[in-house]
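Enquirer: no sequence on hand, only this structure:
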Ligand code: ADP
Ligand code: RBF
Ligand code: MG
């Protein structure tokens with residue numbers, strides 16, 4: 001008997017089309033909305049509270065405006081606020097970044113001829129403006145529906161039922177990908193399978209009605225829904241557009257060395273909060289340069305350190321090399337080239353430790369592949385190996 005992938009990962013249900021939400025699912029709209037609200041509220045002497053972002057995520061512009069007027073006690077009507085915020089936002093449409101995995105997912109489904117619809121609470125003109133900034137997106141959707149084209153937006157099921165109808169498919173033949181709670185409710189009320197990708201951290205426990213909750217689009221497994229699998233995973237790793245980050249190693253404040261027996265060279269999260277917010281929490285790998293020593297293989301976690309209940313994401317590289325001393329304060333540079341898995345909760349420390357060692361082995365092996373090994377020579381890692389430019393020594 002052959003062991004196939006589908007046996008390891010049972011098919012949940014066979015679908016033939018996908019309905020995608022836009023804001024928070026394909027686009028990092030929340031970042032821009034927060035920026036605009038921060039500026040706007042400061043004019044009233046108020047301070048935008050990012051922890052209350054859940055009050056607006058997934059709502060129509062008018063509903064979101066109503067929540068803000070109420071939360072911040074603003075001296076204007078919901079309509080006035082909505083108009084002003086919309087004007088400020090409309091200058092920013094093209095600054096909204098695609099979320100990690102969004103381009104990959106759209107290309108994949110389009111490439112395999114899977115019909116796609118876009119169903120968003122956002123008004124149709126705003127949807128068109130936003131997606132026009134992303135080459136290839138508009139043509140990929142056979143159906144686009146805005147919140148102003150149905151009687152009631154999400155959580156009403158109407159928008160998803162209408163999307164299925166216009167795709168000429170039964171709702172039961174569709175799969176919805178959604179980040180927001182109202183969106184998940186709408187999808188389930190329409191009798192459609194829903195994969196939730198919560199855009200706010202640590203919210204997955206609220207998404208019990210979703211058929212699956214994933215950490216980011218990178219973790220979507222289309223084959224679970226009878227759709228063509230992604231073919232870009234290589235030896236347990238997913239190549240990503242490389243990103244670079246560096247700074248001094250700060251005094252560890254984790255449980256790495258002490259509890260897990262796995263030291264992690266912490267970087268200050270403060271300087272990179274925005275950078276880290278663009279990357280889903282999880283396990284990544286790449287190359288790490290220590291200013292005075294050399295370049296090493298590295299596996300790392302990005303996440304919310306459960307031990308200290310941090311509010312900021314932490315970045316914790318484990319250098320796959322035996323050092324006989326600490327290197328606090330030393331300059332460290334990372335080229336992050338691949339993704340392995342989402343951050344997970346483990347039932348025991350032993351199982352966590354085992355998994356981290358497995359992550360390490362996967363990384364060591366993968367970094368030998370030309371696809372990843374070439375970044376060892378990346379100029380970013382070379383440049384400061386011998387101190388700053390003014391004091392450079394011959395190699
Ligand atoms: P943590 O609990 O986060 O691991 P510690 O400060 O106790 O924090 O230990 C981390 C320190 O261990 C690093 O800052 C670094 O100086 C040192 N270290 C030694 N070997 C390694 C390694 N292989 N990878 C990362 N850090 C290492
Ligand atoms: N901790 C978790 O609770 N879940 C994880 O999935 C997880 N994955 C990790 C992967 C790697 C490669 C490393 C180095 C650590 C991981 N950790 C994980 C440990 C987490 O980062 C740990 O709580 C901190 O190291 C504490 O400082
Ligand atoms: Mg959304």
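Expert: Okay, I see it. Since the structure is predicted, the reported quantities are computational estimates derived from the model, not experimental observations. Residues are numbered from 1 along each chain as shown. Ligands and ions are numbered 1, 2, ... in the order given.
Enquirer: how confident was the prediction at the residue lying closest to residue 46 once chain neighbours are set aside?
Expert: Distance criterion CB to CB, 6 or more residues apart in numbering; nearest residue to residue 46, sequence neighbours excluded, is residue 72 at 4.8 Å. From N, CA and C alone the C-beta is placed, and that goes for glycine too. Residue 72 carries a pLDDT value of 93.
Enquirer: domain map for the protein?
Expert: 17-27+96-225, 29-94, 238-394 (automatic domain parsing).
Enquirer: tell me the most buried of those domains?
Expert: Ranked by average neighbour count under the criterion mean count of other CB atoms under 10 Å, the domains of the chain are headed by domain 17-27+96-225 at a mean of 20.
Enquirer: please report how far residue 177 lies from residue 107.
Expert: 15 Å (CB to CB, to the nearest Å).
Enquirer: residue 92 too?
Expert: 25 Å.
Enquirer: now swap in residue 17 and tell me
Expert: 16 Å.
Enquirer: over to residue 38?
Expert: Counting by CB to CB - residue 38 and residue 107 are separated by 33 Å.
Enquirer: is ligand 1 contacted by stretch 347-364?
Expert: No: using CB under 6 Å from any ligand atom, stretch 347-364 stays clear of ligand 1, with a minimum separation of 9.8 Å.
Enquirer: next, the contact list for residue 64, please.
Expert: 55, 56, 82 (CB atoms under 8 Å, 6 or more residues apart in numbering).
Enquirer: which stretches of the chain form helices?
Expert: 5-8, 29-42, 61-72, 78-90, 102-111, 124-132, 137-140, 158-166, 181-189, 273-277, 349-366, 370-373, 379-382 (DSSP state H).
Enquirer: so the fourth one versus helix 29-42, what angle?
Expert: Translated: helix 78-90. Here helix 78-90 runs at an angle of 120 degrees relative to helix 29-42 (axes from the mean of the first three to the mean of the last three CA atoms, to 10 degrees).
Enquirer: again with the longest one
Expert: Angular relation of helix 349-366 and helix 29-42 on a 0 to 180 degree scale: 110 degrees, by the same axes, to 10 degrees.
Enquirer: quick check: residue 328 touching residue 266?
Expert: No: Residue 328 is beyond contact range of residue 266, at 9.4 Å (criterion: CB atoms under 8 Å).
Enquirer: give me phi/psi at whatever residue of the stretch 51-200 of the chain ends up closest to ligand 2?
Expert: Per CB to the nearest ligand atom, residue 198 is where the stretch 51-200 of the chain lies closest to ligand 2, at 16.7 Å. Main-chain torsions, residue 198, degrees, to the nearest 10: phi -50, psi 130.
Enquirer: residue contacts, it?
Expert: So residue 198 contacts 179, 204, 206, 207, 213 (CB under 8 Å, 6+ apart).
Enquirer: let's see it at 10 Å
Expert: Residue 198 sits next to 24, 54, 57, 178-181, 184, 204-207, 210, 213-216 when contact means CB atoms under 10 Å, 6 or more residues apart in numbering.
Enquirer: on that earlier part again, quick one: closest of the helices of the chain to ligand 3.
Expert: Relative to ligand 3, the nearest member of the helices of the chain by CB to the ion is helix 181-189, separated by 5.4 Å.
Enquirer: and the closest one, what does it pack onto?
Expert: strand 116-119, helix 158-166, strand 174-178, strand 193-196 (3 or more CB pairs under 10 Å, 6 or more residues apart in numbering; DSSP states H and E).
Enquirer: ligand 1: which of these is closest?
Expert: Checking the helices and strands packed on helix 181-189 against ligand 1 by CB to the nearest ligand atom gives strand 193-196 as the closest, at 31.4 Å.
Enquirer: from the chain's centroid, how far away is that closest one?
Expert: Relative to the chain's own centre, strand 193-196 is displaced by 16 Å; criterion: CA atoms, centre = their mean, to the nearest Å.
Enquirer: all strands of the stretch 151-300 of the chain, in order?
Expert: Applying DSSP state E, counting those that start in this stretch to the stretch 151-300 of the chain gives strands spanning 174-178, 193-196, 212-213, 238-248, 282-290, 294-303.
Enquirer: tell me what angle the longest one forms with strand 282-290.
Expert: An angle of 50 degrees separates the directions of strand 238-248 and strand 282-290 when computed by the same axes, to 10 degrees.
Enquirer: residue 330 versus the residue lying closest to residue 240 once chain neighbours are set aside, what's the distance?
Expert: Leaving aside its sequence neighbours, residue 240 sits nearest to residue 339 (CB to CB, 6+ apart; 5.3 Å). Distance of residue 339 to residue 330, computed by CB to CB: 26 Å.
Enquirer: likewise residue 13?
Expert: In terms of CB to CB, residue 13 sits 51 Å off from residue 330.
Enquirer: and residue 378, by the same measure?
Expert: 19 Å.
Enquirer: residue 285: what's it in contact with?
Expert: 237, 297-300, 317-318, 320, 334, 336-340, 359-360, 362-364, 366-367, 372.
Enquirer: out of those residues, who's near ligand 3?
Expert: Cross-checking those against ligand 3 (CB under 5 Å from the ion) gives no overlapping residues.
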